[in-house]
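Got a sequence here, can you model it:
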Amino acid sequence: MKLITWALMLLLAGCGFHLRTWDLGTSLDSARVEASQRHALAAPLRRVLSQSGVSEADEGESQIVVKLLDQRRNRRSVSVTGQARAAEYETTLEVRYQVYGADGTELIPPRWVRSERVFRVDRDNIVGNSEEQALLEQEMQNDLIQQILRSLVAVTRTIADAS
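Numbering: from 1, shown residues only. Model prediction:
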């Protein structure tokens, strides 16, 4: 069994296979995030970019500008109990963003990214419901940030390949 595993590893290494990475630090040095003060995704996006090795730059000094244009939140009931109370809610978070290059060229036109989750309502545990909602909100924000990062990786690699 070990021999087969080693043979497969050697075969994969020889063919040039490698895992795809979302590391922005290798293709992007600096970025700027522009958003209104009350935009929920601005601070987390700045933090994730910083953790990825991308420094935050002032206006005119960054390689790219990520502009968070709009956000929408929605919550609707998806099922009800026998007493006509909501048993489950679907919550949706959408963000519209746009990306510009250092010279002002539009790299990514305005587009929406969306994340949604369904959660059950426990009428006997109100505190637990609010904590679960906060956790789901955080997960949805992380999901949206990852979608934006994947598009940034794609566009920066395209620019690097063209250079």
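
So for the closest residue to Arg157 other than its chain neighbours, what pLDDT did the model give?
The shortest distance from Arg157 to any non-neighbouring residue, by CB to CB, 6 or more residues apart in numbering, is to Ser27 (5.7 Å). The way it works is simple: take the backbone N, C-alpha and C, and place the C-beta from them, glycine included. For Ser27, the model assigns a pLDDT of 74.

ok, so what distance separates Ser27 from Glu132?
According to CB to CB, to the nearest Å, Ser27 and Glu132 sit 37 Å apart.

picking that back up, burial measure for the residue nearest to Arg157, as a count.
Close neighbours of Ser27, defined as other CB atoms under 10 Å, add up to 18.

And the strands in the chain, which stretches?
30-34, 55-56, 64-80, 86-101, 106-120 (DSSP state E).

and the longest one, which strands flank it?
Which is strand 64-80. strand 30-34 (parallel), strand 86-101 (antiparallel) (DSSP bridges).

Indicate which one of those is closest to Ala57.
Judged by CB to CB, the one of the strands paired with strand 64-80 that comes nearest to Ala57 is strand 30-34, at 3.8 Å.

contacts for the closest one?
42, 45-46, 49, 54-59, 61-68, 152 (CB atoms under 8 Å, 6 or more residues apart in numbering).

in the chain, which helix or strand is least confident?
helix 2-14 (a mean of 66; mean pLDDT, DSSP states H and E).

Report the buried residues of the helix ranked longest in the chain.
Longest helix in the chain, counting residues (DSSP state H): helix 126-162. By 16 or more other CB atoms under 10 Å, the buried positions in helix 126-162 come out as 129, 132-133, 136-137, 140-141, 143-145, 147-149, 151-153, 155-156, 159.

Over to stretch 64-82?
Buried residues in stretch 64-82 (16+ other CB under 10 Å): Ile64, Val65, Val66, Leu68, Gln71.

Distance from the chain centre to it, please.
14 Å (CA atoms, centre = their mean, to the nearest Å).

ok, residues contacting that stretch?
With CB under 8 Å, 6+ apart, stretch 64-82 has contacts from 28, 31-36, 39-42, 45, 86-102, 107, 110, 118, 148, 152, 155-156.

hmm, which of these are the buried ones?
Here, 16+ other CB under 10 Å leaves 28, 31-35, 39-42, 45, 89, 91, 93-95, 97-101, 107, 148, 152, 155-156 buried among the contacts of stretch 64-82.
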